[in-house]
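Student: Okay, here's the prediction I keep looking at, along with the sequence it came from:
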Amino acid sequence: MSRLARPTSGRMIGGVCAALARRFGTSATTMRVIFLVSCLLPGPQFLLYLALWALLPSENKAGGAAGAAW
């Protein structure tokens, strides 16, 4: 698994789904579909997305070591 940081390329809005996809070894499209389907369920999914967008560092600000393990 790679470091959790929002990538500078391949992101659509904030890069949160792309970061989670990279972290868990899935495609970004799969993670985006999972997020959209989860928005149909009750819960704070959209608020969680906004919080991750604010809290996750961008890949270039995280030292560029996206391949390094925690």
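Tutor: Looks like it came in fine.

Student: Please make it C-alpha for all contacts and neighbour counts, starting now.
Tutor: OK.

Student: burial measure for the residue nearest to P7 when sequence neighbours are not counted, as a count.
Tutor: Excluding the flanking residues, the one nearest P7 by CA to CA, 6 or more residues apart in numbering is E59, at 5.0 Å. The local packing of E59 (other CA atoms under 10 Å) involves 19 other residues.

Student: got it, and F24?
Tutor: F24: 12 neighbours (other CA under 10 Å).

Student: just to revisit the earlier point, my guess is the residue nearest to P7 meets T8, correct?
Tutor: Yes - judged on CA atoms under 8 Å, E59 makes contact with T8 at a distance of 6.1 Å.

Student: so where's the protein shaky on pLDDT?
Tutor: Counting by pLDDT under 70, the ranges of the chain that qualify are 1-2, 61-70.

Student: what residue is smack in the middle of it?
Tutor: In the chain, the residue lying closest to the centroid (CA atoms, centre = their mean) is V16, at 2.5 Å.

Student: and it, what is it in contact with?
Tutor: 6, 49, 52-53, 56 (CA atoms under 8 Å, 6 or more residues apart in numbering).

Student: Could you measure from I13 over to S27?
Tutor: Per CA to CA, to the nearest Å, I13 is found 16 Å from S27.

Student: And the two? Which one has more around it.
Tutor: Taking neighbours as other CA under 10 Å, I13 and S27 compare with S27 leading, 13 against 9.

Student: Would you map the strands across this structure?
Tutor: Ranges of strands within the chain: none, based on DSSP state E.

Student: Isn't A21 up against S27?
Tutor: Yes - contact criterion CA under 8 Å: A21 and S27 qualify, at 5.6 Å.

Student: burial of R6, as a residue count?
Tutor: Counted with other CA under 10 Å, R6 comes out at 27.

Student: Surely it touches P57?
Tutor: Yes - using CA under 8 Å, R6 is in contact with P57, at 6.2 Å.

Student: My read is that R11 contacts A21, right?
Tutor: No - counting by CA under 8 Å, R11 does not reach A21; the two are 10.8 Å apart.
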